[in-house]
Every structure is written in C-alpha cells, then in structure tokens.
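Enquirer: Everything below, folded, please.
(one chain, ligands or ions: 1)
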Amino acid sequence: MNYSLVIEDRKSTREYKKKAVGADVGDAIRAYHDNGCMRLFPEINTEIFITGSEDKEKLEGAAGYKEFIAGSPSYMLLLTEPHEYSGINAGYMAEDISLMLIDKGYGVCFVTFSDSDAVKRVIGIESEKEVAAILAFGNPERARKKMHVNLLTMAGISFREKQQYFAPKKGALDLAYVDRFGNKDDVDEQIDFYGDLLWESLLAASNSPSYMNRQPYAFIIKEHRLILVSVPDKWTDDIDKDLNLGVVMQHVAAVALPYNGSAKWTMGGQDVEGLPEGGKVIAEFEI
Ligand SMILES: Cc1cc2nc3c(=O)[nH]c(=O)nc-3n(C[C@H](O)[C@H](O)[C@H](O)COP(=O)(O)O)c2cc1C
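Expert: Residues are numbered from 1 along each chain as shown. As a prediction, this is how the structure comes out:
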C-alpha cells in the first residue's frame, strides 16, 4: 500500500450503500489483523469481531455520534487484553486496518463508545478482552449533500457539536512547534532542515481522523526528534484520546517507513517546556 497517497486521500465515510459487503471482507480484515497489520505493541493480544448492519441499531444505542451513520455498514470491533498502552495500540492498529480497507475501495469510519461492557452486552460478545476500537465499514455512498440533511434532522446534538464536523483540519504547520510547546520560531527552517521525512510525517499527521475532528495533540521538533504531546480537550474522553493518539502515530510511522525502515516510536520522553496544564509527553520519533 502507498500509505502517503491513501492517507492524503482518506476521509470518513458516514453513508453506505444498501448493499452490504460480503463475508470475504470480514475474512480479509481478520487475515490482515493476524498477519501484516502495523502494531505498536506486538505483545498486546488483540482479536477481531465482525458484525453486520443487523446490529446497527443495537450498536447505536451503545456507541457512536447519534444517528450519524446511514446505509448498511458492517462493524469491526477490535478487542484487546488490558495493558497500559492498549488504547493507543488499538487506535494504531484500527487506523492501519482502516487504511487497508480504504485502499481497497471501501468506506470506513471510527465509531466512538465509552463503555466496553455495554457494547459487548448488546452485541453478545463473550470474549474476556475489552472493546478497544470500533470501525464501521462498507460500500461507500458518494453523497456529501445528504450528510447535511442528516445533520439538520438530528435531534439532541448542539450546534457547537455539529460545527466540529465542518471545522477544517489543523494543517501540518499548525501542529508543529520547535524546541518547546508554543514556539513557532524557525518552524519552516526546521522542516526544511529535516527534509521530506519530517514534512511528509507532519502532513500525514494533520490528515488524521480524530474524535469530533479535535486533533488534541501537537508535535515538538527537537534535537532530531519529533515529540508527540497530548493537549487537554474538554470534548475528548480518555478512550477517544488514546485512539486519536494511536491513529496519529500510525500515520507518522506509516509514511516514515520508506525513509527510514527502522524508525519507530518510543513511548514517553523528556519533559517539554511550555505544555499547557493537563498536557503530556506521549512518545518520540527519531527524525
Ligand atoms: C476516536 C474516534 C472516534 C470517532 N467517532 C466517530 C463517531 O462516533 N461517528 C462519526 O461519524 N465519526 C466519528 N469519528 C470520525 C471523526 O469525526 C472524523 O475523523 C473527523 O470529523 C474528521 O473527518 P475525516 O475523518 O473525514 O477527515 C471518530 C474518529 C475517531 C478518531
């Protein structure tokens, strides 16, 4: 897969054709999960559960922005054993699976949830592992206009929330600081200095899906390292925060691979000056 191209083109699909995908797509997801999927922590055991649109209503009661997904998607649930980084790892893996599906022409959308047990109960999942990520996927309907109709007819969602769907993404330069949080001095020069690896990484990061499109993170360029920090966001709970971080880490790692096959994220790292209260250093990447 040409990750740069797929990442550049990707967008969430919320309208699916009535014709559901065949069982072979679920099989392909399972096979990819077992063999080929990018993993941040290969030692964390995960498992895939696939269900069809017959479970859509049940799932909507327990997950997702209300009434946002139209048509007949299937759903992929990524289950994980508990681990300090199981949420970030799940976001990383689910985004890689999502890009694999998009590359094959399917539509995909993350579905938020806040209670793994509730999701397992409504779907009837008996595994001891926890639900860590949910993706809707299926044959995409190309009808952007309809999405507005959906939005306007939705009850119980505030205008401020709806606005998030149309908020432009943060650009690569919006996400980057030099040496300390908030410092934009020399950002262009630094990006020039590190060349395509850094620029492509930041571009891919800026095109990451995130809960409500909030992108509550930033990157500090410092001493040959790209340091990922999370920033507090009142809309984003801990599950979505970790998924967002895993997603953005997958984008960076995927586009950096051709430049430096052995580059990978190291969790944690030195303190970063100037972080807002509640901000946290998540991981660093050698550039
Ligand atoms: C953790 C996470 C949870 C999300 N939950 C939902 C959801 O429940 N329903 C939905 O329609 N979109 C959901 N999204 C998709 C985001 O709203 C979407 O990525 C963002 O609006 C940017 O749009 P784009 O993906 O088309 O670039 C989620 C994305 C992430 C990463």
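Enquirer: Might you enumerate the residues of the stretch 101-250 of the chain proximal to the ligand?
Expert: 109-112, 165, 209-213, 240, 243-244, 247 (Cβ under 6 Å from any ligand atom). C-beta: built from backbone N, CA, C; applies to glycine.
Enquirer: Okay, and which of those map to strands?
Expert: 109, 110 (DSSP state E).
Enquirer: Put the buried members of the residues of the stretch 101-250 of the chain next to the ligand into a PyMOL selection.
Expert: Applying 16 or more other Cβ atoms under 10 Å to those leaves a buried subset, and the PyMOL line that selects it is:
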select buried, resi 109+110+111+112+165+209+210+211+212+213+240+243+244+247
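Enquirer: Show me what residue of the chain gets nearest to the ligand.
Expert: residue 209 (2.8 Å; Cβ to the nearest ligand atom).
Enquirer: Surely that residue touches residue 14?
Expert: No - between residue 209 and residue 14 there is no contact under Cβ atoms under 8 Å: 11.7 Å.
Enquirer: re the thing from before, would you mind checking which of the residues of the stretch 101-250 of the chain next to the ligand is nearest to residue 81?
Expert: residue 243 (16.8 Å; Cβ to Cβ).
Enquirer: Would you agree that closest one is in contact with residue 98?
Expert: No - taking contacts as Cβ under 8 Å, residue 243 lies outside contact range of residue 98: 11.2 Å.
Enquirer: Overlap in contacts, these two.
Expert: Residues touching both residue 243 and residue 98 by Cβ atoms under 8 Å, 6 or more residues apart in numbering: residue 110.
Enquirer: got a list of what residue 181 touches?
Expert: 218, 220, 229, 272, 273, 274, 275, 276, 279.
Enquirer: same deal with residue 271?
Expert: residue 281.
Enquirer: Which phi and psi values does it adopt?
Expert: phi -60, psi 150 (degrees, to the nearest 10).
Enquirer: Find me the pLDDT at the residue of the chain closest to the ligand, would you?
Expert: pLDDT, residue 209: 95.
Enquirer: Please tell me how far it sits from residue 99.
Expert: Using Cβ to Cβ, to the nearest Å, residue 209 is found at 10 Å from residue 99.
Enquirer: and for the two, which residues touch both?
Expert: Going by Cβ under 8 Å, 6+ apart, residues that sit against residue 209 and also against residue 99 are residue 10.
Enquirer: partner residues bridging residue 131?
Expert: Under DSSP bridges, the beta-bridge partners of residue 131 are residue 79.
Enquirer: Give me the neighbour count for it.
Expert: Residues within reach of residue 131, counting by other Cβ atoms under 10 Å, total 24.
Enquirer: Tell me which residues touch it, please.
Expert: 77, 78, 79, 113, 116, 119, 120, 125.
Enquirer: Residue 64 contacts residue 114, correct?
Expert: No - the criterion here is Cβ under 8 Å, and residue 64 misses it with residue 114 at 10.6 Å.
Enquirer: of these two, who's got more company?
Expert: residue 64 (20 against 12).
Enquirer: ok, and the closest non-adjacent residue to the more buried one?
Expert: Leaving aside its sequence neighbours, residue 64 sits nearest to residue 111 (Cβ to Cβ, 6 or more residues apart in numbering; 4.5 Å).
Enquirer: Quick one: mean pLDDT for the helix or strand where residue 284 lies?
Expert: Secondary structure from DSSP states H and E places residue 284 in strand 280-286. For strand 280-286, mean pLDDT rounds to 96.
Enquirer: need the contact list for the closest residue to residue 174 other than its chain neighbours.
Expert: Nearest residue to residue 174 in three dimensions, chain neighbours excluded: residue 206, at 7.3 Å (Cβ to Cβ, 6+ apart). Contacts for residue 206 (Cβ under 8 Å, 6+ apart) come out as 169, 170, 171, 172, 174, 175, 215.
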